[in-house]
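Peer 1: curious how this folds, go ahead:
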Amino acid sequence: MHSLAQRCTDAGLKMTGQRKTILKVLPDNLGDVVYQADAINYKSLLQEYIQALHKVPPRYRVHSITGPDHDKQFSVEVVVKGNILGQGNGKTKKHAEQEAAREAYRRLTNASLDG
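Peer 2: Just a heads-up that it's a prediction; the model follows:
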């Protein structure tokens with residue numbers, strides 16, 4: 001991952017004194033930090049929701065793993081009391097679990113799947 005200063009230079013922005021000063025105080029991974037702050041942890045939301053209703057945590061199980069070692073694709077199901085509540089796919093098991101939890105949480109709470 002390039003630093004923010006490197007990204008600005010790569011984008012053709014000239015490094016004036018003010019820009020250099022600002023970039024020195026900003027973390028190199030500012031884009032990652034902002035993304036993580038805005039990200040919703042659907043696994044946590046789903047766990048709280050399910051435990052409040054059923055007193056048991058949701059379980060995640062890998063349904064399938066496809067693709068070569070360098071480009072795997074995980075398919076994960078989230079299950080509560082034997083019922084599949086959601087399914088998700090991703091390049092990592094963690095990402096697929098988040099997607100499965102997102103689908104399940106939004107179904108259970110009747111939230112829009114658009115956002």
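Peer 1: okay, CA-based contacts and neighbour counts for the rest of this
Peer 2: Will do.
Peer 1: if I look at Thr92, how far off is Arg106?
Peer 2: Applying C-alpha to C-alpha, to the nearest Å, the value for Thr92 to Arg106 is 21 Å.
Peer 1: actually Lys93, not the one I typed
Peer 2: For Lys93 relative to Arg106 (C-alpha to C-alpha), the value is 20 Å.
Peer 1: what about the two, which has more around it?
Peer 2: Relative neighbour count places Lys93 above the other of Lys93 and Arg106, with 20 against 15, counting by other C-alpha atoms under 10 Å.
Peer 1: now do the contacts for the more buried one.
Peer 2: For Lys93, the contact set (C-alpha atoms under 8 Å, 6 or more residues apart in numbering) comprises Val62, Phe74, Ser75, Val76.
Peer 1: any chance of a markdown table for the residues you listed, columns distance to Gln47?
Peer 2: Listed next are the contacts of Lys93 as a markdown table, based on distance: C-alpha to C-alpha, whole Å:
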| residue | distance to Gln47 |
| --- | --- |
| Val62 | 18 |
| Phe74 | 21 |
| Ser75 | 19 |
| Val76 | 16 |
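Peer 1: filter the residues you listed down to the ones in strands?
Peer 2: Val62, Phe74, Ser75, Val76 (DSSP state E).
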